[in-house]
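> Model the structure of this input:
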Amino acid sequence: MTLAYDWAGRVGDTWADEWRRTDLSFVNLSPHLNAAILDAAPDSGIAVDIGCGAGGTAIALASARPDLTVIGIDLSKNLVEAARARGATYPNLRFEVGDASELGGITADLLFSRHGVMFFDDPVAAFTRLRHAVTDDARLVFSCFRDFTLNPWAIETGAAVTGVTPQKPGTSPGPFAFADADHVRAILQASGWTGQAQPVDYTYRAGEGEHAVDEALALFSRIGPAAAQLRELDEAAREAGRQRLRGVLAARLSNDVVDFPASAWIWSCRPA
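All right, here's what the predicted structure looks like:
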């Protein structure tokens with residue numbers, strides 16, 4: 001499980017250090033998500049990025065809708081600091097440290113998120129709070145990973161370290177908690193939302209450039225299933241695991257990029 005506590009501490013700090021690499025991993029998904037967000041966004045009012053991370057999605061919307069107030073909220077102080085530095089030139093954009101399911105008196109016209117909604121310890125309660133913090137004609141747009149088996153980047157890198165294929169995750173808070181569309185639909189219905197999910201197949205870009213394999217190794221050594229396994233090993237076993245991981249990444253190298261197949265849902269929702 002990856003809980004709110006983790007994002008406020010070690011996990012959030014790691015993602016803040018690695019935001020350039022994590023943004024690259026979503027480079028082929030973000031255009032699909034940003035288009036869905038823009039389609040739902042009003043010309044003015046308030047839009048809130050739930051779990052904004054280093055701010056890339058919020059910046060894209062603030063740039064496209066200059067009369068819309070865009071607020072990014074994240075539990076990680078370090079991620080918010082990175083987002084503030086990146087978004088400093090946009091007068092209609094601000095970032096805050098906090099629980100994105102508690103909007104603190106804000107009434108939003110749009111809620112959106114890039115893979116930031118799968119970590120609530122009680123998702124029904126969180127989405128219910130969000131429903132009470134929006135206008136009656138508000139929209140909610142978010143992305144999340146689809147089934148584990150459709151995302152070989154997680155399976156292959158996790159298996160490389162120990163030789164054991166990672167077990168398919170359940171619905172506990174974590175990257176694949178919202179993989180089952182029926183499960184998510186039930187959460188939304190129970191919390192006052194209705195919506196539809198669009199599947200998007202894309203390439204997960206782990207590294208690019210002259211040192212693409214090194215870049216991918218740096219990413220997966222700190223983030224994802226392989227990183228979790230590496231942390232549990234002693235020094236000698238960790239180095240052996242990293243070398244096996246390097247081999248998996250090298251096998252995915254083509255034309256100076258390390259790409260893996262990946263798949264996500266993009267949900268577009270309204271208050272029920």
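> what's around residue 19, how many residues?
Residue 19 is flanked by 19 other residues according to other CB atoms under 10 Å. Where C-beta positions appear, they are placed from N, C-alpha and C, glycine not excepted.
> next one: residue 79
A count of nearby residues for residue 79, using other CB under 10 Å, gives 27.
> what's the answer for residue 199, then?
Residue crowding around residue 199 was assessed by other CB under 10 Å; the count is 11.
> quick one: strands adjacent to the helix or strand containing it?
Here residue 199, judged by DSSP states H and E, is contained in strand 193-208. The strands beside strand 193-208 in its sheet (DSSP bridges) come out as strand 257-271 (antiparallel).
> what comes up buried for the strand it pairs with?
For strand 257-271, a neighbour-count test (16 or more other CB atoms under 10 Å) marks 257-260, 262-271 as buried.
> mean confidence score for stretch 17-34?
Per-residue confidence for stretch 17-34 averages out to 97 on the pLDDT scale.
> Name the surrounding residues that touch it.
15, 53-54, 56-57, 60-61, 64, 78-79, 82, 114-115, 141, 143, 200, 202-208, 215, 218-219, 222-223, 262, 264, 266 (CB atoms under 8 Å, 6 or more residues apart in numbering).
> For it, what is the distance to the chain centroid?
Between the centre of stretch 17-34 and the centre of its chain there are 9 Å (CA atoms, centre = their mean, to the nearest Å).
> buried residues in it?
Within stretch 17-34, the residues that qualify as buried by neighbour count (16+ other CB under 10 Å) are 18-19, 21-26, 28-30, 32-34.
> Output that stretch as CSV, nothing but the C-alphas.
The C-alpha trace of stretch 17-34 is given here as CSV (Å, rounded to 0.1, in the frame of the first residue of the first chain):
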residue,chain,number,x,y,z
ASP,A,17,13.8,14.5,-6.6
GLU,A,18,12.7,12.5,-9.7
TRP,A,19,10.0,14.8,-11.1
ARG,A,20,11.7,15.2,-14.5
ARG,A,21,11.9,11.4,-14.9
THR,A,22,8.4,10.8,-13.7
ASP,A,23,7.1,13.5,-16.1
LEU,A,24,8.9,11.8,-18.9
SER,A,25,7.2,8.5,-18.0
PHE,A,26,3.8,10.2,-18.6
VAL,A,27,4.9,12.1,-21.7
ASN,A,28,2.7,9.9,-24.0
LEU,A,29,-0.3,9.8,-21.7
SER,A,30,-0.4,13.5,-20.7
PRO,A,31,-1.7,14.8,-24.1
HIS,A,32,-4.7,12.5,-23.9
LEU,A,33,-5.4,13.5,-20.3
ASN,A,34,-4.8,17.2,-20.9
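> Following element in sequence after the regular element (helix or strand) spanning residue 127, please.
If you go by DSSP H and E, residue 127 is part of helix 123-131. Beyond helix 123-131 on the C-terminal side, the first helix or strand identified by DSSP H and E is strand 134-145.
> Tell me the neighbouring strands of that following strand, and mark each as parallel or antiparallel.
The pairing partners recorded for strand 134-145 under DSSP bridges are strand 108-114 (parallel), strand 257-271 (antiparallel).
> So which residue is smack in the middle of this structure?
Central residue check for the chain by CA atoms, centre = their mean: the C-alpha nearest the mean position is that of residue 115, 2.8 Å away.
> ok, now which ones touch that residue?
If a contact means CB under 8 Å, 6+ apart, then residue 115 has 26, 51, 142-145, 175, 264 as its contacts.
> and it, what are its phi and psi?
In this entry, residue 115 is assigned phi and psi values of phi 60, psi 40 (degrees, to the nearest 10).
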